[in-house]
Each structure stands twice: as structure tokens, then as C-alpha cells.
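Peer 1: Got a predicted structure plus its sequence, pasted below:
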Amino acid sequence: MERPERELIRQSWREVSRSPLEHGTVLFARLFDLEPDLLPLFQYNCRQFSSPEDCLSSPEFLDHIRKVMLVIDAAVTNVEDLSSLEEYLASLGRKHRAVGVKLSSFSTVGESLLYMLEKCLGPAFTPATRAAWSQLYGAVVQAMSRGWDGD
């Protein structure tokens, strides 16, 4: 990734990271709209959520949103050297696989991420910014997908 793309990512993330919980909720609401079959994967204390809204308002899930936004923040912070996060991301991939997430769902997560960025940034979410984020997300998914290796 070239310097201009890295700068677009950092600049746009500064805006998003001002309200990570709000924007993370937008990401997950979109994810559940696009792939409702993911909702049953989120259970806390054996509690099954009856609706996406029920899930999105639970304290445990809000904690999950915070963690996801921290992972994105780490990727942005290390955009020059994502290889430094490879083991961590592969481990995160293994954790997702263990709870039943399918590798194919990561494309829906990517769509949801881009949707959230577009909603947050408005006109500042240019085609160049979209392309830079797509490239970053692709690299993150590639590292996380190592958690599915060996199947």
C-alpha cells in the first residue's frame, strides 16, 4: 500500500474513532441486515438474542463492538507493517472459526465496514478512500484466514 492510501485510511479513521461505539453499531446493524444467520453466533451466558436490536443493545455485545473497533484501530496504526499483526490476526481467525463463523462471512463484514465508513464520512468517503480501505481490509482478512488453515 502506497503512502497516499495509508494517509486516506488514517485521515478517515480519525473521524470514525471519535465515536467508535456509535459507528461500530452501524457496522454490526448492517452486518445483521445482510447476513441474519450470524445473529445466533452471538450468545452470552447461554442467552440467545431474539432480534438484532436485542443483540446490539446488550452490554456484552457492546463490549464485542469495542473490541472489533480496537482491532480496526490496530490495523490502521500498523498500516505500514501489517505483518506485525499477522500472528494476532491468525489467532483471531481461529477464535472466529471456533464459534462457527464461516470464512465466506468476511466479505459481508467488509461490505458492512465500507457501509459504516460511508455513513460516517459522507462525501469525504471518496472512491480513493473506499479503495484504500478495501485494500486494508483485504490484508486483514488474509491474515485472519490463516486461522482456517489446516481444514
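Peer 2: Now that the structure is in, tell me what you want to look at.

Peer 1: so what secondary structure elements neighbour the helix or strand hosting residue 14?
Peer 2: Assigned by DSSP states H and E, residue 14 belongs to helix 3-16. Taking 3 or more CB pairs under 8 Å, 6 or more residues apart in numbering; DSSP states H and E as contact, the helices and strands that helix 3-16 lies on are helix 59-77, helix 105-121, helix 127-145. Yep, even glycine has a C-beta here, placed from its N, CA and C like the rest.

Peer 1: Flag every buried residue along the second one.
Peer 2: Within helix 105-121, the residues scored as buried using 16 or more other CB atoms under 10 Å are 105-106, 108-118, 120-121.

Peer 1: With stretch 134-147 instead?
Peer 2: The neighbour-count criterion (16+ other CB under 10 Å) identifies 136, 137, 139, 140, 141, 143, 144, 145, 146, 147 as the buried residues of stretch 134-147.

Peer 1: I'd like the average pLDDT over that stretch.
Peer 2: Taken as a whole, stretch 134-147 has an average pLDDT of 93.

Peer 1: Tell me which residues are up against that stretch.
Peer 2: Residues from elsewhere that reach stretch 134-147 (CB atoms under 8 Å, 6 or more residues apart in numbering): 1, 5, 9, 71, 75-76, 79, 82, 85-86, 89-97, 103, 106, 110, 113-114.

Peer 1: Please check those residues and keep the buried ones.
Peer 2: Neighbour-count burial (16+ other CB under 10 Å) is assigned, among those, to 5, 9, 75-76, 79, 82, 85, 89-90, 92-93, 96-97, 106, 110, 113-114.

Peer 1: where's residue 112 relative to residue 4, distance?
Peer 2: From residue 112 across to residue 4, the span is 25 Å (CB to CB, to the nearest Å).
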